[in-house]
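> here's my sequence, what's the structure:
(one chain, ligands or ions: 2)
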Amino acid sequence: METLEFQSEARQLLQLMIHSIYSNKDTFLRELVSNASDALDKLRLESFRDKDMQVDTDDLHIVVESDPSERTLTVRDNGIGMTREDVVRLIGTIAKSGTAEFLKQLKEQQSASGSSDLIGQFGIGFYSSFMVADKVTLVTKHPHAEKGVRWESTGEATYTIDDVDDAPQGTSVTLHLKPSDDEDKLPDYTEPAKIREIVKRYSDFITWPVRLGGEDINSRKALWARPASEVTEEEYAEFYRHISHDWNAPLETIRMQAEGTFEYQALLFLPAQAPLDLFMRDGKRGVQLYVKRVFIMDDCAELMPEYLRFVKGVVDAADLSLNVSREILQQDRQIQLMRRRLVKKVLSSIKSLQSSRPDDYRKLWGEVGAALKEGLLSDHDNRDAILEVCSFASTHSDSELTTLAAYVSRMKEGQEHIYYMTGDSRVAVENSPHLEALRAKGYEVLILTDTIDEMWVDSVPAFDGKSFQSVAKGQVDLETEEEKSAAAAKAEEFAALLEWMKGVLEAEVKEVRLSSRLTTSPACVVGDSYDITPTLEKMYKAMGQ
Ligand code: ADP
Ligand code: MG
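Numbers count the residues shown, from 1 in each chain. Ligands and ions are numbered 1, 2, ... in the order given. The predicted model follows:
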C-alpha cells in the first residue's frame, strides 16, 4: 500500500468541500451518478472502436446501495474504470483548465462578500463526496489493467492506493457517511426513499439504468426526444447542469428538430453566466454529439463555431454511424448543413431575446458579447445577423448600450457613416480630442473598448449600408461645400506655418494639416486611414511583434 499526497489545488478544493460551502449537499449523489454514466458511455464507445476488448457490455448499469448499520452508501458502475495511473492523475490532481483561476476568484469573492455563487460555475465532481462523508473508498478496474485498484482517503492531505486482485469491471465508490448528529444535520442518505428522491430529481434523464434494490429508479428518457410541452423548466435546468457544470439555470433553452433525409434533434442552452473558461486557450466548446441517444463526443467543434462556445447542449443525429470520428465529421456535408442551421437558430434566438426579454438579452450580452463579436471576423456568412445582436457603448448614453439599428435610427440628416472610436476605456475615449468635432455636430460615436473591437471594425464593411468610420483616422468628412472652400482658403493662409511645423516635427509625424475636428483642443495627433491604431500597436507589441 502506498500513501500519496494530493496536489495542492486538489487539497484546497477538498477543504472547501469538507467545510462545505454548499447548502445543498444532496448533489453529491448527482455527481457520482454522472461520473458513473460518463464511465458507461466511455466503455460502450471503446467497445465499438476496439472489437478485441474483452469486456461485457450487455448489461451496463449503475447501482446504488446503502447499509444503514455501517452508515455507508455505494455507487457502482460496470463502466470503463480506471488504471492505477488514471486514479492518481484523475482523483489525486485537478487537471481541469481554469481550476487555479477558479480558486483565486473564489477566494476574492469570499473575502469580498462571503458568498460563494462562483462555485456553481465549476463542476464540483467527485470531491463533493466529502461534503457528506468522512472517508471515501473507491475500487476500480480498467479493462486493460491486470489488477484493480483501491483508493481511500479522509479528504485530508493524503490518500492511500493499493492493488486489488479480484475487482470487478468498473468502479465502485463507497461513502462512509458523517455521523448524523454532526452539526450539519445531514439527511439520512442510507434511506432508500431519500436516495430515490435525489436520483429522480437530478438524474432522471441519465440514459443508463440506475438501480436501487433491483429496481430501475430513473425514467431514462432523453429530454430532447420528449415533446417540448412535456418537459418542465426544472428538468431542462437539471439537464443543463449535468452537461455544463454550471449550477445556474440557463438563460434560454432552444429546441430544434429536423426530419427528412438527415434527421436530428438539438437541445441547446444559452448561459446566464459566462463559463469560466470562455477566454482560455483550451476552453470547452460545449455541444455534445449523440447518435440515436448514444453519447458520441463532448466539445464537438464541428457542430458549433468557436465564437459560440458558450452555447451548451446536445445534438442527436439519427443517420450517423456510432463509429463516427472527428475526421469524418469535418468532411460530412450534412454536418456542415446542420451546423449552419444550428448557428442561425442560436443567432435568431438571441435576436428574439433582444426584443422579447431585453433584460435577459443585456445580461447575456454582458457575459458573452466579447466572444460573440469574434464571429464578426470569422463567420462572414452570418455577419449581418451577428451585427444585429451586438450592443455597444456610445456617446448617446452614459449607462445604456445601443444596438446598431438604434444608432442608425438616431443618425443626423446628412450623416453617412457610423462613427466609432476605439480605446482602452470609456474615459480615455471621451477625453480624446478626436470626439470634439463630432460632438459639436451632434453626431453619436460608438465607444469600443474590447480588444476584439479593433479587429472587426477593420474588416466589417458596413451595417445597413452605413460604413464604419473611425473618428481617429484620416479625414473625417463632416464639411459642407462652403465649409470645404473656407477650409481650403485657411489652409493657404497657414501654408507657411504648416510647412515650418512639419520641418520641426519631421521625425515625429508624416504631415501637419489644419483640422476642423477640434473645437476646444489646439491640436491632436491622428493616424492615417491605413495605419494601425495605437491600441492595435500596443497589442502587437505585447505579442512581441
Ligand atoms: P469530471 O467528471 O467533471 O471530469 P470529477 O471530479 O467528477 O470531474 O471526476 C474526475 C475524473 O475521474 C473523471 O473525469 C473521470 O475520468 C474519473 N472518474 C470519476 N468517477 C469515475 C467512474 N465512476 N469511472 C471511471 N472514471 C471515473
Ligand atoms: Mg464528474
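
> switch to C-alpha atoms for all contacts and neighbour counts from now on
OK.

> neighbours around Pro461, how many?
Residue neighbour count, defined by other Cα atoms under 10 Å, stands at 12 for Pro461.

> how near is it to ligand 1?
43 Å (Cα to the nearest ligand atom, to the nearest Å).

> is the closest residue to that residue other than its chain neighbours in a bridge, and if so with what?
Leaving aside its chain neighbours, Pro461 sits nearest to Ser467 (5.7 Å; criterion: Cα to Cα, 6 or more residues apart in numbering). Note on Ser467: beta-bridge partners by DSSP bridges are Ala462.

> doesn't Thr89 belong to a strand?
No, residue 89 isn't Thr; it's Arg. No: per DSSP: H, G, I helix; E, B strand; the rest coil, Arg89 lies outside any strand segment and is helix.

> what's the pLDDT at it?
Reported pLDDT at Arg89 in the predicted model: 90.

> can you check Tyr240 too?
pLDDT, Tyr240: 93.

> show residues contacting the strand or helix carrying it.
Element membership for Tyr240 (DSSP states H and E) is helix 233-244. With Cα atoms under 8 Å, 6 or more residues apart in numbering as the test, helix 233-244 has contacts from 34, 202-203, 205, 223, 246-250, 253, 269, 286, 312-313.

> in the residues you listed, find the pair that's most separated.
Ser34 and Thr253 (21.3 Å; Cα to Cα).

> and stretch 493-513, how far from the chain's centre?
51 Å (Cα atoms, centre = their mean, to the nearest Å).

> so which of the contacts of helix 233-244 belong to strands?
Among the contacts of helix 233-244, the members falling in strands (DSSP state E) are 253, 269, 312-313.

> closest one of the residues you listed to ligand 1?
Lys312 (14.9 Å; Cα to the nearest ligand atom).

> once you drop chain neighbours, what's closest to the closest one?
Per Cα to Cα, 6+ apart, closest to Lys312 is Gly286, 4.5 Å.

> ok, Arg383 touching Leu376?
Yes: counting by Cα atoms under 8 Å, Leu376 is a contact partner of Arg383 at 5.4 Å.

> those two: who's more crowded?
Taking neighbours as other Cα under 10 Å, Arg383 and Leu376 compare with Leu376 leading, 25 against 17.

> surely the more buried one is in a helix?
Yes: the assignment for Leu376 by three-state DSSP puts it in a helix.

> wait, it sits on Glu388?
No: with contacts counted by Cα under 8 Å, Leu376 stays clear of Glu388, the gap being 10.9 Å.

> ok, back up a step: dump the helix holding Tyr240 to PDB, restricted to CA.
Below are the C-alpha coordinates for helix 233-244, written out as PDB (Å, rounded to 0.1, in the frame of the first residue of the first chain):
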ATOM      1  CA  GLU A 233     -38.200  24.100 -16.700                       C
ATOM      2  CA  GLU A 234     -36.700  22.200 -13.800                       C
ATOM      3  CA  GLU A 235     -35.900  19.200 -16.000                       C
ATOM      4  CA  TYR A 236     -34.200  21.400 -18.500                       C
ATOM      5  CA  ALA A 237     -32.300  23.200 -15.800                       C
ATOM      6  CA  GLU A 238     -31.100  19.900 -14.300                       C
ATOM      7  CA  PHE A 239     -30.000  18.600 -17.600                       C
ATOM      8  CA  TYR A 240     -28.200  21.800 -18.300                       C
ATOM      9  CA  ARG A 241     -26.300  21.400 -15.100                       C
ATOM     10  CA  HIS A 242     -25.500  17.900 -16.000                       C
ATOM     11  CA  ILE A 243     -23.800  18.800 -19.200                       C
ATOM     12  CA  SER A 244     -22.500  22.300 -18.400                       C
END
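
> residues of it that come out buried?
235-244 (16 or more other Cα atoms under 10 Å).

> same deal with stretch 355-363?
By neighbour count on 16+ other Cα under 10 Å, the buried set for stretch 355-363 is 360-363.

> ok, now stretch 345-353?
Within stretch 345-353, the residues scored as buried using 16+ other Cα under 10 Å are 345-351, 353.

> can you give me the strands for the stretch 301-450 of the chain?
Secondary structure of the stretch 301-450 of the chain (DSSP state E, counting those that start in this stretch): strands at 312-317, 391-394, 397-403, 418-422, 445-448.

> and the first one, which strands flank it?
When pairs are called by DSSP bridges, strand 312-317 turns out to pair with strand 264-270 (antiparallel), strand 287-291 (parallel).

> the first one to helix 233-244, inter-axis angle?
Computed with axes from the mean of the first three to the mean of the last three Cα atoms, to 10 degrees, the direction of strand 264-270 lies at 90 degrees from that of helix 233-244.

> what residues does strand 264-270 touch?
Contacts of strand 264-270 (Cα under 8 Å, 6+ apart): 224-225, 240, 250-258, 287, 310-318, 364.

> show me the shaky parts of this structure.
20-23, 95-99, 101-102, 106, 109-124, 181-184, 474-484, 516-519, 527-545 (pLDDT under 70).

> in it, what residue comes closest to ligand 1?
With Cα to the nearest ligand atom, the shortest gap between the chain and ligand 1 falls at Gly125, namely 3.2 Å.

> confirm for me that that residue is in contact with Glu31.
Yes: using Cα under 8 Å, Gly125 is in contact with Glu31, at 5.3 Å.

> these two: who's more crowded?
Regarding Gly125 and Glu31, a neighbour count based on other Cα under 10 Å identifies Glu31 as having more, with 22 against 16.

> on that earlier part again, and the helix holding Tyr240, how far from the chain's centre?
15 Å.

> tell me which parts of this structure are close to ligand 2?
Proximity of the chain to ligand 2 (Cα under 5 Å from the ion) is limited to residues 35, 125.

> quick check: the residue of this protein nearest ligand 2.
Of all residues in the chain, the one sitting closest to ligand 2 is Gly125 (4.2 Å; Cα to the ion).

> residues in contact with that residue?
So Gly125 contacts 28, 31-32, 35 (Cα under 8 Å, 6+ apart).

> now with 7 Å, please.
Glu31 (Cα atoms under 7 Å, 6 or more residues apart in numbering).

> tell me which residues form a beta bridge with the spatially closest residue to Leu268 that is not a sequence neighbour?
Excluding the flanking residues, the one nearest Leu268 by Cα to Cα, 6+ apart is Gly313, at 4.2 Å. Beta-bridge pairing of Gly313 under DSSP bridges involves Leu268, Val287.

> my guess is Gly313 contacts Gln288. True?
Yes: because the distance of 6.2 Å satisfies Cα atoms under 7 Å, Gly313 is recorded as touching Gln288.

> the residue lying closest to Ala272 once chain neighbours are set aside: what's it in contact with?
Using Cα to Cα, 6+ apart and skipping residues adjacent in sequence, the residue nearest Ala272 is Leu251, 4.7 Å away. Residues in contact with Leu251 (Cα under 7 Å, 6+ apart) are 270-272.

> can you lay out those as CSV showing distance to ligand 1 and neighbour count?
Formatted as CSV, these follow (distance: Cα to the nearest ligand atom, whole Å; neighbours: other Cα atoms under 10 Å):
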residue, distance to ligand 1, neighbour count
Leu270, 20, 23
Pro271, 18, 23
Ala272, 20, 20
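
> number of residues surrounding Ala157?
16.

> excluding chain neighbours, what is closest to Tyr443?
Lys412 (6.7 Å).

> any idea how far Asp464 is from that neighbour?
15 Å (Cα to Cα, to the nearest Å).

> right, I'll leave it there.
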